[in-house]
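J.: Let's see this in three dimensions:
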Amino acid sequence: MTHPDKPAAVARLFAAIAPRYDLMNRLMTARMDVAWRRRAADLLGALPAGATVLDVGTGTADLALAVARRWPGVRVLGVDPSPEMLALGRRKVLQAGLDGRIAVVRGDGLALPCPDGSCAAVVSAFTLRNVADLPRALAEMRRAVAPGGVVLCLELSQPHARGFRTVFRLYFTRLVPILGALIARNHAAYTYLPQSVDAFLSPEGLAQAMRQAGLEVERVELLALGAAAIHVARRVG
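T.: The predicted model follows:
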C-alpha cells in the first residue's frame with residue numbers, strides 16, 4: 001500500500017526537527033541508539049577494501065559514520081531527501097575527518113541513485129517507517145546491492161514482554177511528545193514518532209516483507225527487550 005501524501009509530510013517534519021534530531025535521539029533512547037548503530041555496523045560482516053556501502057535515509061549520517069569507523073576500507077554513500085538533515089550530516093562527516101570516505105547526497109529511497117548491484121551492502125536506520133511504499137523501498141535496496149551482498153535494516157519496534165511493553169508504550173506516547181515539545185519545540189513530530197512505530201510492521205512482519213522483496217533473511221536481532229530490531233538479509237542471485 002502506498003501513501004502519496006506521506007513524503008511531503010515527512011519532509012516538513014524532518015526539516016523542522018533537524019537541529020535537535022540527534023539530541024532527541026540520545027535523550028529518548030538514553031544513548032542506546034549509538035550502540036544500536038554500532039551493532040548494526042558489526043553485523044555487516046567483513047567488507048572488502050574499496051567496497052561501497054549505501055545508507056538509505058542517512059539523515060544526519062550517524063549510521064554512515066558508524067559503518068565507516070567500523071570498516072576503515074569502505075566508502076559510504078548516504079542518501080536522504082531532507083536537505084536540512086543532510087547539511088548537519090555533512091558537517092559531522094567533515095568534523096570526523098571522513099569526508100574522503102563518506103558522501104551524503106539528496107535522493108529518494110524509492111529511486112536510489114545507484115546502478116544495479118553496485119553496492120557491497122545497503123543499510124538503513126529508522127527509515128523504513130517513513131517511506132511511502134515499503135515494498136518498493138525494499139525492492140530498490142535489493143536492486144542496488146550486489147548478489148551475495150547484505151541488506152540491513154535497524155528499526156524501532158514494540159517490545160514483546162507484556163510488562164515492559166506497557167511501560168515502553170506509556171513512555172513513548174506520553175513522555176516523548178513532551179520532550180519533543182520542550183527540546184525540539186515540536187510536539188507534533190514526536191507524536192508522529194510513536195504513531196509511526198505503532199503503524200509499522202512487527203519484526204516478523206518486516207522479515208516477511210524482506211523475503212517478499214527477494215531477500216533471504218539471515219538474522220533478526222532484538223535490542224533493548226524488543227524496543228528495536230536489526231534485520232540482516234542477503235541478496236541471493
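
J.: any idea where the helices of this protein begin and end?
T.: 6-17, 21-29, 32-43, 62-70, 83-95, 134-144, 162-170, 176-179, 189-199, 203-212 (DSSP state H).

J.: Report how many residues lie close to residue 182.
T.: 10 (other CB atoms under 10 Å). In short, each C-beta sits where N, CA and C put it, glycine included.

J.: per-residue pLDDT, it?
T.: Note for residue 182: predicted pLDDT of 96.

J.: again with residue 2
T.: pLDDT, residue 2: 53.

J.: how far away is the residue of the chain most remote from its centre from residue 175?
T.: Centroid-distance maximum for the chain: residue 163 at 26.9 Å, with CA atoms, centre = their mean. According to CB to CB, to the nearest Å, residue 163 and residue 175 sit 17 Å apart.

J.: just residue 32 next, same as before
T.: The value you get for residue 32 to residue 175, if CB to CB is used, is 16 Å.

J.: Which residue is the nearest non-sequential neighbour of residue 176?
T.: Using CB to CB, 6 or more residues apart in numbering and skipping residues adjacent in sequence, the residue nearest residue 176 is residue 190, 5.2 Å away.

J.: From residue 16, how far out is that neighbour?
T.: 11 Å.

J.: Out of those two, name the residue with the larger neighbour count.
T.: residue 190 (24 against 16).

J.: What mean pLDDT does the longest strand along the chain get?
T.: Assignment by DSSP state E gives strand 145-156 as the longest strand of the chain. Computed over strand 145-156, the mean pLDDT rounds to 98.
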